[in-house]
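**Q** Okay, structure incoming, though there's no sequence with it:
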């Protein structure tokens, strides 16, 4: 089993920090996404997803897949990607799939999917389009540590998934995303789709990320807001004031 590859067969699979059901979720893998098995502990698989992120996943969420499928970045598949749809699987069951799931051979019964060519037309690597997706597709999402979909997301999960939908790969965690792109001189220089980074730690390690909508507004998934929120930096309330006190720097990942 070690060194082999599995695909997620459920709408999503929690990726945990330890091989036990009560462990902390650190990320998720979605239906049709493949992972490489690094080691096993009973029914638990230590897996590496296509974005390089590692964690523990129970084998009950998985089925075998080909190495070639793992080598293909799931968000870049030429096949149909879910924008929020329902499919009928090989066993005749109906599954609701989140944004980003790979539909594969499953039969779509409702909702929207797009192949790669149509995704690149609908979701180009354009700053304004990225802002529109972050604002619209995740609207109403609640905050969930380790989440990456509109069904529940954390700050860096929102950023990674939105940019991935537009064909741009970013790492999973905010502290990793903070190493991407180029520095932005200051808040007044922010452009759409720039990333703002924050820290509430003494050592300064990045703990939060938001997407600039321009010089005066940001969109993010925040525990303090309960989830998805658009903030106005020019008219800050107490929450935004505290957030900006923790602001460290901004990065531009789209030239």
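**A** Cool, got the structure. Please read these numbers as outputs of a predicted model, since none were measured by experiment.

**Q** show me where the stretch 1-150 of the chain has strands.
**A** Counting by DSSP state E, counting those that start in this stretch, the stretch 1-150 of the chain has strands at residues 5-8, 12-16, 25-30, 34-41, 44-49, 54-58, 62-64, 81-88, 94-97, 107-114, 148-149.

**Q** most packed of the ones you listed?
**A** strand 148-149 (a mean of 26; mean count of other C-beta atoms under 10 Å). Backbone N, C-alpha and C define where each C-beta goes, glycine included.

**Q** outside of it, which residues touch it?
**A** Residues from elsewhere that reach strand 148-149 (C-beta atoms under 8 Å, 6 or more residues apart in numbering): 12, 27-28, 30, 98-100, 141, 154, 157-158, 160-161.

**Q** Between those, which sits nearest residue 232?
**A** The closest of the contacts of strand 148-149 to residue 232 turns out to be residue 158 (C-beta to C-beta; 18.5 Å).

**Q** Check the gap between residue 98 and residue 209 for me.
**A** 20 Å (C-beta to C-beta, to the nearest Å).

**Q** I misspoke; the intended subject was residue 166.
**A** As judged by C-beta to C-beta, residue 166 and residue 209 stand 16 Å apart.

**Q** quick one, which of the two is more surrounded?
**A** Using other C-beta atoms under 10 Å, the more surrounded residue of residue 166 and residue 209 is residue 209, with 27 against 21.

**Q** Need the nearest residue in space to the more buried one, chain neighbours excluded.
**A** residue 174 (4.0 Å; C-beta to C-beta, 6 or more residues apart in numbering).

**Q** Without its sequence neighbours, what residue ends up closest to residue 190?
**A** residue 212 (4.3 Å).

**Q** again, but for residue 77
**A** residue 102 (5.5 Å).

**Q** same deal with residue 39?
**A** residue 46 (4.6 Å).

**Q** Just list the residues touching that neighbour, thanks.
**A** Neighbouring residues of residue 46 by C-beta under 8 Å, 6+ apart: 19, 37, 38, 39, 40, 54, 55, 56.

**Q** residue contacts, the third one?
**A** For residue 38, the contact set (C-beta under 8 Å, 6+ apart) comprises 2, 46, 47, 48, 54.

**Q** and of those, the nearest to residue 121?
**A** residue 48 (31.4 Å).
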